[in-house]
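S.K.: Got a sequence here, can you model it:
(2 chains, ligands or ions: 1)
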Amino acid sequence: MMNDSKKQTLFEKIWNDHLVRDPSNSKQMQVPEVLYIDLHLIHEVTSPQAFSGLRDRGLAVRRPDRTIATVDHAIPTKPSQKGRLEFADDLCRKQIAQLEENARQFGITAYGAENNQNGVVHVVGPELGYTQPGMTIVCGDSHTSTHGAFGALAFGIGTSEVEHVLATQCLLQYKPRTFEVRIEGKLNPGVTAKDIILAFINRIGVHGGTGFVIEYRGSVIQALSMEERMTICNMSIEAGARAGMIAPDETTFAYLAGRPNAPKGEKWEEAVQKWKNLRSDDGAIFDRSITLDISNLEPMITFGTNPGMGIPVTGRIPNPDDSSETSQKNALKKSLEYMGFQVGEKISGHPIDAVFIGSCTNGRLSDLREAASILRNRKVADSVRVLVVPGSQQVKRQAEAEGLDQIFISAGAEWREPGCSMCIAMNGDQIEPGQYAVSTSNRNFEGRQGKGGRTLLASPLTAAASAIAGCVADVRTFLEA
Amino acid sequence: MEPFIKIKSRIAALPLDNIDTDQIIPARFLKITDKKGLGNHLFADWRYDQEGNPIPDFLLNQPEIDGVKILLAGQNFGCGSSREHAPWALTDFGFQVIIAESFGDIFRNNALKNGLLPIQVDPEVHSQIKNLLNQNSSTQWTIDLEQQELFFPDQSSVKFQVDPFSRTCLMNGVDELGYLLTFLDKIVDYESQKQK
Ligand code: SF4
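M.R.: I've put the predicted structure just below:
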């Protein structure tokens, strides 16, 4: 029998394995740990100032071999007549050129604007096999939590920390607390991983996870595909959590086998043996635990201006006066005002102007397949502009090989080049003030998809159904038809 | 970074919950490749109308805001993205301290690395501050980082927490990379051990 103190959570195993110790440190003062980083992903928006910092200090990138660059936030998704892509403005062009130049100068592998493997950083990392179980992974991007789906400790950092990792391959960190989230029950038709995570955030609130690393467990999680697991872990940050993770299993290994940067041959066998130990020991203690039964879960959609403000698609806009806390009441009131919703109004049937299918939450092949399953042989409502943006070049090629692009195009949607696109509206893809968009992305903050724009977060199924209906729609009516 | 020891200032109150990084600095201002000038765009979508004219009612457009170094927010300030542009915009505008009931994790980290002190207070203290500001917004408050104490205008005070390491860095105006670089030997040891 192991003694209790030896029983470790998945998080603790990875954490302890990456501490760079200083035995001579007298610990007079409480200092943060030095955490070794296995994989550092960078993109054009949060890295330029970090490279300038390196130059100012005359430092090199310590491990260019552990650093991977992609362009995604500012990259246009619209092909142009002149070049391949039409940049929104010179600033976007400059930002991307600078990333490519920094990568060249410091010897970093870059999936630049013209690379045929580029795409959203959190889509590219896993699909090229860079993301592996047991790793510590960081990126100057809060949705780095996505990679936790592989049983990695993955979290977002700021630009100063990007510079720290570039210079030393390490970060100063205090140990976060652990949060076990068990998802049990049975998934109903029309209900997806996106609906689970929206329901979870609604349950614990947008700061319910602050200070924690979440481990998602339970029968529902085990049955999810890797892409679905990524959707769940991706949105951990929307509950305030530092990271989300899922223990690796056969699903994980099957996904990784044969990916370009995954170990090969004997190394692969060794790696899998090691990865199999990456699970929380029975009886390991978490700082917090909850169980969510999803047997009665319906498709979810958000009505407000943070991802915690979600309701079932059959629901009505809640009354702020029903909340017990004044601050919550005020926040809800402010949200409803911004969103232009009436208390008690049914959300389904509310007219929309745009639909965005894409992002690091739901821009993978299975997401596009789901959306296409609803749009096949149907037409998008005349009043709705629909943008389908694959998460990467690889997703785009695979989708095209299956003819999904043709389904989208004949339904009346726009089929775009990969990038973050309308998820963050930096590249020129955006909605207009006052417009409503049903989006498969992860943030419905005020102005997230364009100044004054109103975002309703939902699954690819719900987004596709709403595109056809021209209003918020319950996908289940399409499934029965 | 300037050393941060003690500051005295009025407080600007924006006591909303869940002020996210997209509100602090909207994404369209993230296209810069340096750190400068973001203060002009701080809270841009609340601060300017569609034509780009200042909205007179908004906190940052009031003449009294000049010289204010402390911002009071609600719960979960800085939730959302990891953009360090958020603390850059706040400090460029002139803020040195944010008082809130809680902070987004990444924002808190980013702030501390940029000479911006996040002070977490419990709900009672928070409403006390809010009430005092409602009565009189022109009073002076003092933040003493060395003592980890927030002094009210009447000189009563509350203690606040800040991790000792960040506090030392702030007080000496040094950044963390310098400290991390002293670990290089250990990092090399770690790597060679891992390779075995
Ligand atoms: S798709 Fe959206 S959330 Fe994901 S990395 Fe891009 S901007 Fe961030």
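
S.K.: how close does A:Glu12 sit to A:Met245?
M.R.: According to Cβ to Cβ, to the nearest Å, A:Glu12 stands 11 Å off from A:Met245. C-beta: built from backbone N, CA, C; applies to glycine.

S.K.: Comparing these two, which shows the higher neighbour count?
M.R.: Comparing A:Glu12 with A:Met245 by other Cβ atoms under 10 Å in any protein chain shown, the one with more neighbours is A:Met245, at 32 against 19.

S.K.: Show me what residue of the stretch 301-450 of chain A gets nearest to chain B.
M.R.: A:Phe445 (4.1 Å; Cβ to the nearest Cβ).

S.K.: Quick check on residue 71: phi, psi?
M.R.: Since you didn't name a chain, this refers to chain A. phi -110, psi 130 (degrees, to the nearest 10).

S.K.: actually it's chain B I care about, not the one you picked
M.R.: Per degrees, to the nearest 10, the backbone of B:Leu71 is at phi -120, psi 130.

S.K.: Also A:Tyr36?
M.R.: The phi/psi pair for A:Tyr36 (degrees, to the nearest 10) is phi -80, psi 140.

S.K.: Now it: closest residue in space, sequence neighbours ignored.
M.R.: Leaving aside its sequence neighbours, A:Tyr36 sits nearest to A:His18 (Cβ to Cβ, 6 or more residues apart in numbering or on different chains; 4.5 Å).

S.K.: Poorly predicted segments of the stretch 351-481 of chain A, please.
M.R.: A:480-481 (pLDDT under 70).

S.K.: and it, which of its residues are near the ligand?
M.R.: A:359-360, A:420, A:423-424, A:441-442 (Cβ under 6 Å from any ligand atom).

S.K.: The residues you listed into CSV, with extra columns for distance to B:Asn61?
M.R.: Conversion of these to CSV gives the following (distance: Cβ to Cβ, whole Å):
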residue, distance to B:Asn61
A:Ser359, 34
A:Cys360, 36
A:Cys420, 31
A:Cys423, 30
A:Ile424, 26
A:Ser441, 31
A:Asn442, 31
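
S.K.: who's in contact with the residue of chain B found nearest the ligand?
M.R.: For chain B, the residue closest to the ligand is B:Ser81, as judged by Cβ to the nearest ligand atom, at 7.2 Å. Contacts of B:Ser81 were listed using Cβ atoms under 8 Å, 6 or more residues apart in numbering or on different chains, and they are A:141-142, A:156, A:443, B:20-22, B:106.

S.K.: Ok, A:Tyr216 next?
M.R.: Neighbours of A:Tyr216 in contact, by Cβ under 8 Å, 6+ apart: A:181-183, A:229, A:232-233, A:244-246.

S.K.: And the helices in chain B?
M.R.: Taking DSSP state H as the criterion, chain B carries its helices at B:21-24, B:44-47, B:85-93, B:105-112, B:123-135, B:164-172, B:176-181, B:184-195.

S.K.: near chain B at all, stretch A:117-134?
M.R.: No - using Cβ under 8 Å from any Cβ of the partner chain, stretch A:117-134 never reaches chain B; the gap is at least 11.5 Å.

S.K.: before we move on, back to that, which one of the residues of the stretch 351-481 of chain A next to the ligand sits in the busiest neighbourhood?
M.R.: Neighbour max across these (other Cβ under 10 Å) = A:Cys420, 32 neighbours.

S.K.: Show me which residues of the stretch 251-400 of chain A sit near chain B.
M.R.: Residues of the stretch 251-400 of chain A lying near chain B (Cβ under 8 Å from any Cβ): A:306, A:327-328, A:330-331, A:334.

S.K.: Mind putting these into TSV with secondary structure, neighbour count and pLDDT?
M.R.: Output for these, formatted as TSV (DSSP: H, G, I helix; E, B strand; the rest coil; neighbours: other Cβ atoms under 10 Å in any protein chain shown; pLDDT from 0 to 100):
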residue	secondary structure	neighbour count	pLDDT
A:Asn306	coil	25	97
A:Ser327	helix	18	81
A:Gln328	helix	16	85
A:Asn330	helix	16	89
A:Ala331	helix	24	90
A:Lys334	helix	17	95
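
S.K.: and of the residues you listed, the nearest to the ligand?
M.R.: A:Asn306 (14.5 Å).

S.K.: can you give me phi and psi for the closest one?
M.R.: Taking degrees, to the nearest 10 as the convention, A:Asn306 sits at phi -140, psi 160.

S.K.: Likewise for the one 10 residues further on?
M.R.: Backbone torsions for A:Arg316, taken as degrees, to the nearest 10, come to phi -120, psi 160.

S.K.: May I have the predicted confidence score for it?
M.R.: Residue-level confidence at A:Arg316 comes out at 98, pLDDT.

S.K.: Compute the number of surrounding residues for it.
M.R.: By other Cβ under 10 Å, neighbour count at A:Arg316 equals 16.

S.K.: contacting residues for the nearest residue to B:Asp122 once chain neighbours are set aside?
M.R.: Nearest non-adjacent residue to B:Asp122, counting by Cβ to Cβ, 6+ apart: B:Glu101, 7.3 Å away. B:Glu101 makes contact with B:17, B:74-76, B:120-123, B:126 under the criterion Cβ under 8 Å, 6+ apart.
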